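Visitor: sequence and predicted structure, then a few things I'm wondering about:
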Amino acid sequence: MVKLTDVARAAGVGYGTASRALSGKGPVGGDARTRVLEAARQLGYTGDATARALREGRTRTVGLIVPDMTNEFYTSSAEVLQDVLRTAGHHLFVATTGNHPDRDHEALREMAARRVDGIVHVPVGPPPANPLPVPIVELNRYSGRNVPAVVSDDPAGVSELTELAIGAGYTDIAAIVGPEVYSTSRDRLAGFKAAALSAGFDENAATGKRFRVVFSDFSADGGARAMRSLLDDPPQAVLPLSSRLVLGVLRTAREAGISIPGDLALAGYGDPDWFEIWGPGITTFAPPLAEMGARAAEILLDLINGNHPAASVHRIPGELRLRGTLAQADPGHKPGQAASASGR
């Protein structure tokens, strides 16, 4: 293992000069810095992270705990998060939990045991009973513990999405949302219901303007199951409020011979690349994933550096993206026509 003394000897300087040249702290005369850097490169010197951590009182590492890394929601935020942290001299360690509370708590304990300087956390359930001695910023979801959280402004965004469907003339609308244990589900449901109730819709009404809510899990299979539950009495428009729920709805619609938007209008949530190129394009509310990752990193760096931002929920606005799956309603279209078109 190459030591700093080896680098100093190869560069023809003292240990202290080599240390200052590599750390960038303190004066280094003449061309000594260039010689030290070149010697370090040739010898493959990487430094002693443990010794540096002891000197600085920090490890220059940050933990990221997410449900999974196959969802564009987390990968998009994580890329920006990592860029901001790297610029500040921190490295990112990632753990996935699969949305299991036990694995979530285990990941938190493991990150703290590794003495990371801070954690960006997508919570799965209630926080651990004992607070961790590590700065934490929640991302996408919030658990109610006394830490800052950075989330999309889903109540406003989903409300606008619902108003768009109502404004297009649909009077029978169903929303598919995830488990109520998650703040994301509750926020999206709140936005949907607020817009529907404001427009004079009644939940599960037998006649007139009605809205319905189907709960499922945030997966394509969950979306497919939820859509199948609506086939016997289909709505005019469906709002699956996650990109994976959208995928499941499209799968069931195809299997049932339902045309979108001919038989059933659709507006989704999130905006993976395929939303833009699928069929006529999927109308959706796109959360500000990059902005959320950057903001979470900035707040965490403030905490690591001894500042104390408010332990509040920071909501960042997203945007509606209008495409072809939410066409203007046909006044003659009646709920149930989609099911008859499929022969059900």
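Guide: Alright, I've got the coordinates. Numbers count the residues shown, from 1 in each chain.
Visitor: for residue 235, what are its contacts?
Guide: If you count contacts by CB atoms under 8 Å, 6 or more residues apart in numbering, residue 235 has them with 170, 172-174, 212, 264, 335. C-beta: built from backbone N, CA, C; applies to glycine.
Visitor: top of these by number of neighbours, please.
Guide: Using other CB atoms under 10 Å as the neighbour criterion, residue 264 leads the contacts of residue 235 with 27 neighbours.
Visitor: got the contact list for that residue?
Guide: Contacts of residue 264 by CB under 8 Å, 6+ apart are 234-238, 253, 258, 338.
Visitor: tell me the two of these that are most distant?
Guide: Using CB to CB, the contacts of residue 264 span at most 13.5 Å, a distance reached by 236 and 253.
Visitor: contact partners of stretch 269-284?
Guide: By CB under 8 Å, 6+ apart, stretch 269-284 touches 72-73, 158, 161, 164, 188, 239-243, 245-246, 250, 260-261, 266-268, 285-287, 320-327.
Visitor: do that again at 6 Å, thanks
Guide: For stretch 269-284, the external contacting residues (CB atoms under 6 Å, 6 or more residues apart in numbering) are 72, 241-243, 267-268, 285-286, 321-326.
Visitor: same check on stretch 213-222?
Guide: In this structure, residues lying in contact with stretch 213-222 by CB under 6 Å, 6+ apart are 175-178, 226, 229, 242, 244, 247-248.
Visitor: just the buried ones from those residues?
Guide: The neighbour-count test (16 or more other CB atoms under 10 Å) marks 175-178, 226, 242, 244, 247-248 as buried among the contacts of stretch 213-222.
Visitor: how is residue 16 assigned, secondary-structure-wise?
Guide: State at residue 16, reduced to three classes by DSSP: H, G, I helix; E, B strand; the rest coil: helix.
Visitor: ok, back up a step: so which of the contacts of stretch 213-222 sit within strands?
Guide: Using DSSP state E, 175-177 are the members of those that sit in strands.
Visitor: closest to residue 138 out of those residues?
Guide: Nearest member of the ones in strands among the contacts of stretch 213-222 to residue 138, counting by CB to CB, is residue 177, at 19.8 Å.
Visitor: hmm, back to that, with pLDDT added, can I get the contacts of stretch 269-284 in JSON lines?
Guide: What follows is the contacts of stretch 269-284, written out as JSON lines (pLDDT from 0 to 100):
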{"residue": "72", "pLDDT": "81"}
{"residue": "241", "pLDDT": "98"}
{"residue": "242", "pLDDT": "96"}
{"residue": "243", "pLDDT": "95"}
{"residue": "267", "pLDDT": "98"}
{"residue": "268", "pLDDT": "97"}
{"residue": "285", "pLDDT": "98"}
{"residue": "286", "pLDDT": "97"}
{"residue": "321", "pLDDT": "96"}
{"residue": "322", "pLDDT": "96"}
{"residue": "323", "pLDDT": "96"}
{"residue": "324", "pLDDT": "95"}
{"residue": "325", "pLDDT": "96"}
{"residue": "326", "pLDDT": "93"}
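Visitor: now, these that are in helices?
Guide: Among the contacts of stretch 269-284, the residues falling in helices (DSSP state H) are 72, 243.
Visitor: least confident of the contacts of residue 235?
Guide: Lowest in pLDDT among the contacts of residue 235 is residue 335, which has 47.
Visitor: please, where are all the helices along the stretch 201-344 of the chain?
Guide: Ranges of helices within the stretch 201-344 of the chain are 220-230, 243-255, 273-277, 289-304, 337-341, based on DSSP state H, counting those that start in this stretch.
Visitor: now do the stretch 51-200 of the chain
Guide: Under the criterion DSSP H, counting those that start in this stretch, the stretch 51-200 of the chain carries helices at the ranges 72-87, 101-113, 154-167, 183-198.
Visitor: please identify the deepest-packed of those.
Guide: Ranked by mean neighbour count under mean count of other CB atoms under 10 Å, the helices of the stretch 51-200 of the chain are led by helix 154-167, which reaches a mean of 22.
Visitor: please compute how far stretch 223-241 lies from its chain's middle.
Guide: 25 Å (CA atoms, centre = their mean, to the nearest Å).
Visitor: in it, what's buried?
Guide: For stretch 223-241, by 16+ other CB under 10 Å, it's 223-227, 230-231, 234-241.
Visitor: likewise for stretch 113-127?
Guide: Those would be 116-125, 127, for stretch 113-127 by 16+ other CB under 10 Å.
Visitor: low-confidence stretches in the stretch 51-200 of the chain?
Guide: Applying pLDDT under 70 to the stretch 51-200 of the chain picks out residues 51-58.
Visitor: please repeat the previous calculation with a cut-off of 90.
Guide: For the stretch 51-200 of the chain, the stretches with pLDDT under 90 are 51-60, 68-79, 81-82, 84-92, 98-99, 112-115, 125-133, 144-146.
Visitor: of the contacts of residue 235, which belong to strands?
Guide: Checked against DSSP E, these include these in strands: 172-174, 212.
Visitor: got a markdown table for the helices of the stretch 51-200 of the chain, with distance to residue 312 too?
Guide: Below are the helices of the stretch 51-200 of the chain laid out as a markdown table (distance: least, CB to CB, whole Å):
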| stretch | distance to residue 312 |
| --- | --- |
| helix 72-87 | 19 |
| helix 101-113 | 21 |
| helix 154-167 | 15 |
| helix 183-198 | 14 |
